[in-house]
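1. Provided below for reference: sequence and predicted model.
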Amino acid sequence: MTSLNASLLASSAVMPPPALCFEGVAFSHEDKLLLGPCSFTLDGIGPTLVMGPNGAGKSLLLRLAHGLLSPTEGKIAWSGEGRPRQAMVFQQPVLLRRSAVANLIHALAVNNIPRRVRSKLALDALERFGLSACANKPARVLSGGQQQRLALARAWVLSPQVLFLDEPTSALDPAAIKAVEAAVREFHQRGTRIVMTTHDIHQARRLAGDVLFLSGGKVREHTPAEAFFNTPVSPEAQAFVAGELVE
Ligand SMILES: Nc1ncnc2c1ncn2[C@@H]1O[C@H](COP(=O)(O)OP(=O)(O)OP(=O)(O)O)[C@@H](O)[C@H]1O
């Protein structure tokens with residue numbers, strides 16, 4: 001491990017992950033309210049799993065939190081000073097037309113990591129994610145599972161304090177899902193705040209520390225995972241956990 005990663009790791013091990021606070025946040029488009037207004041704070045250890053039916057507003061919530069969209073009302077705040085280091089992994093990985101290792105080196109360069117350590121950090125991350133043999137292959141010819149692991153490796157090299165994952169496993173087979181879930185756990189153990197959407201209730205049971213449940217653009221419930229799965233309170237969450245078709 002390089003001293004750069006070691007020092008980032010040491011700092012994230014002692015620091016609790018930054019808390020995320022939505023205060024009356026809403027997002028409208030062409031006068032149509034799509035999300036909120038919603039207020040909640042993610043200050044537990046997580047991982048936070050964001051669940052709800054299609055169109056509930058899960059991706060919008062993640063994009064707002066990550067800063068890809070601005071709320072039309074309300075405020076999004078982080079504990080600590082400024083914005084934390086954060087990364088996002090999407091359902092379809094967004095990779096550059098270059099080799100796997102070059103994708104990681106590019107991410108390090110964009111984040112001002114010194115040139116002399118970039119190759120070593122990139123190769124270490126590829127090894128960590130079982131991608132050493134693919135280092136020089138074009139990223140876009142990798143399998144779906146390999147591409148998703150590459151997207152995770154790219155997040156990993158940046159030692160994010162917060163990682164958003166938007167349905168990262170919905171296009172993957174069971175073996176690839178297992179690899180992604182193992183990586184999510186490792187980020188979490190490293191002290192990264194995880195906020196992840198999924199449609200897979202079994203996956204949520206495996207990973208969640210707390211659940212944020214949305215339907216119709218509203219946050220219906222935000223509770224520890226055990227309470228959500230055993231004693232959901234809102235009628236929408238009760239129906240969802242019971243396996244009924246919720247709109
Ligand atoms: N940038 C945008 N501008 C306008 N409308 C949007 C935008 N992003 C999403 N929407 C709309 O907002 C609603 C919520 O979409 P969102 O993608 O957040 O749902 P979701 O819960 O993630 O759904 P799914 O489970 O199908 O991915 C949808 O009606 C969608 O069409």
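-> Everything's here; your move. The shown structure was predicted, so the numbers you read here are calculated from the model rather than taken from an experiment.

2. list the contacts for the residue positioned nearest the centre of the chain?
-> Nearest to the mean C-alpha position of the chain, by Cα atoms, centre = their mean, lies residue 164 at 2.0 Å. The contact partners of residue 164, by Cβ atoms under 8 Å, 6 or more residues apart in numbering, come to 62, 65-66, 86-89, 195-196. Yep, even glycine has a C-beta here, placed from its N, CA and C like the rest.

3. contacts for stretch 74-87, please.
-> Contacts for stretch 74-87 (Cβ under 8 Å, 6+ apart): 17-26, 36-37, 39, 43, 64-67, 154-155, 158-164, 193.

4. and stretch 172-186, by the same measure?
-> 47, 129-130, 143-145, 148-149, 152, 156, 163, 165, 168-169, 194, 196, 203, 206-207.

5. for ChimeraX, what selects the buried ones among those?
-> Buried residues within the contacts of stretch 172-186, by 16 or more other Cβ atoms under 10 Å, are selected in ChimeraX with:
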select :47,129,145,148,149,152,156,163,165,168,169,194,196,203,206,207
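
6. which of the contacts of stretch 172-186 fall in strands?
-> Of the contacts of stretch 172-186, the ones assigned to strands by DSSP state E are 163, 165, 194, 196.

7. tell me the pLDDT at the closest residue to the second one other than its chain neighbours?
-> Right, residue 165. Take residue 165 and drop its neighbours on the chain: the residue closest to it by Cβ to Cβ, 6 or more residues apart in numbering is residue 196, 4.0 Å away. pLDDT, residue 196: 98.

8. could you do residue 242 as well?
-> 88.

9. that one - how many residues pack around it?
-> The number of residues packed near residue 242 is 9, by other Cβ atoms under 10 Å.

10. how much space between it and the ligand?
-> 19 Å (Cβ to the nearest ligand atom, to the nearest Å).

11. what about the strands in this structure?
-> Under DSSP E, the chain gives strands at 20-29, 32-42, 48-51, 73-78, 86-89, 162-166, 193-197, 210-215, 218-224.

12. can I get those strands in CSV including distance to residue 110?
-> Shown next, in CSV, are the strands of the chain (distance: least, Cβ to Cβ, whole Å):
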stretch, distance to residue 110
strand 20-29, 23
strand 32-42, 26
strand 48-51, 27
strand 73-78, 21
strand 86-89, 12
strand 162-166, 17
strand 193-197, 22
strand 210-215, 30
strand 218-224, 33
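
13. adding distance to the ligand, write the ones you listed out as CSV.
-> Formatted as CSV, those follow (distance: least, Cβ to the nearest ligand atom, whole Å):
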stretch, distance to the ligand
strand 20-29, 4
strand 32-42, 4
strand 48-51, 8
strand 73-78, 15
strand 86-89, 13
strand 162-166, 7
strand 193-197, 6
strand 210-215, 7
strand 218-224, 12
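
14. so which of the contacts of stretch 172-186 belong to helices?
-> Among these, the members found in helices (DSSP state H) are 144-145, 148-149, 152, 156, 203, 206-207.

15. of those residues, just say which sits nearest to the ligand.
-> Of all those, residue 203 has the smallest distance to the ligand: 13.8 Å, by Cβ to the nearest ligand atom.

16. touching, that closest one and residue 169? I think so.
-> Yes. Counting by Cβ atoms under 8 Å, residue 203 touches residue 169, with 6.8 Å between them.

17. up against the ligand, what does the chain have?
-> 29, 34, 52, 54-60 (Cβ under 6 Å from any ligand atom).

18. mind exporting stretch 114-134 as CSV, just the C-alpha atoms?
-> Below are the C-alpha coordinates for stretch 114-134, written out as CSV (Å, rounded to 0.1, in the frame of the first residue of the first chain):
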residue,chain,number,x,y,z
PRO,A,114,0.8,13.4,-8.0
ARG,A,115,1.9,11.8,-11.3
ARG,A,116,4.6,9.7,-9.6
VAL,A,117,2.1,7.6,-7.6
ARG,A,118,-0.7,7.3,-10.1
SER,A,119,0.4,4.0,-11.9
LYS,A,120,1.1,2.3,-8.6
LEU,A,121,-2.3,3.3,-7.1
ALA,A,122,-4.1,2.3,-10.3
LEU,A,123,-2.4,-1.1,-10.5
ASP,A,124,-3.0,-1.8,-6.8
ALA,A,125,-6.7,-1.0,-7.2
LEU,A,126,-7.0,-3.2,-10.3
GLU,A,127,-5.4,-6.0,-8.3
ARG,A,128,-7.7,-5.4,-5.4
PHE,A,129,-10.7,-5.8,-7.7
GLY,A,130,-9.4,-8.8,-9.5
LEU,A,131,-8.7,-6.9,-12.7
SER,A,132,-4.9,-7.1,-13.1
ALA,A,133,-5.2,-9.3,-16.2
CYS,A,134,-7.4,-6.6,-17.8
